[in-house]
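**Q** no sequence on this one, just coordinates:
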């Protein structure tokens, strides 16, 4: 994260941008892995990334997986509570 109090050099900016570039690369890989998938296939593809060896990738995949599961969780909750 960029701190407005920190003096930025070109080298520091380059190093920071490499981290952003790496996260975007993983987002692209997640998108490619999910392409054309729906429902449980989509969830399975996302879940596979939550088991990755890199903790940063796991955290990113977990955040995406949790957001993707929200609609299913809401539907199941309504079904359990109200029988809808």
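**A** Great, that's in hand. Owing to the predicted nature of the structure, the values given are computational and were not obtained by experimental measurement. Residues are numbered from 1 along each chain as shown.
**Q** quick one, strands of the protein?
**A** Under the criterion DSSP state E, the chain contains no strands.
**Q** By residue count, what's the longest helix in it?
**A** The longest helix of the chain (DSSP state H) is helix 55-82.
**Q** Show me which residues of that one are buried.
**A** The neighbour-count check on helix 55-82 (16 or more other C-beta atoms under 10 Å) flags 57, 60, 61, 62, 64, 65 as buried. All C-beta atoms are positioned from the backbone trio N, CA, C, and that covers glycine.
**Q** ok, the residues you listed vs residue 7, which is closest?
**A** Using C-beta to C-beta, residue 60 comes nearest to residue 7 of the buried residues of helix 55-82, at 29.1 Å.
**Q** Give the burial count for the spatially closest residue to that closest one that is not a sequence neighbour, as a bare number.
**A** Excluding the flanking residues, the one nearest residue 60 by C-beta to C-beta, 6 or more residues apart in numbering is residue 26, at 5.7 Å. Other residues near residue 26 come to 17 when the count uses other C-beta atoms under 10 Å.
**Q** For residue 26, which residues are in contact?
**A** Taking C-beta atoms under 8 Å, 6 or more residues apart in numbering, we find residue 26 in contact with 56, 57, 60, 61.
**Q** change it to 10 Å
**A** Contact analysis of residue 26 by C-beta atoms under 10 Å, 6 or more residues apart in numbering lists 49, 52, 54, 56, 57, 60, 61, 64.
**Q** Repeat that for residue 73.
**A** Here residue 73 is in contact with residue 66 (C-beta under 10 Å, 6+ apart).
**Q** do you know how far it is from residue 43?
**A** If you measure residue 73 against residue 43 using C-beta to C-beta, to the nearest Å, the figure is 11 Å.
**Q** And residue 36, by the same measure?
**A** Going from residue 36 to residue 43 by C-beta to C-beta gives 14 Å.
**Q** And residue 67, by the same measure?
**A** Remark: distance between residue 67 and residue 43 (C-beta to C-beta) = 12 Å.
**Q** same thing with residue 12?
**A** 39 Å.
**Q** do residue 79 as well
**A** 17 Å.
**Q** Stretch 26-35: how far from the chain's middle?
**A** 9 Å (C-alpha atoms, centre = their mean, to the nearest Å).
**Q** Understood, closing this out.
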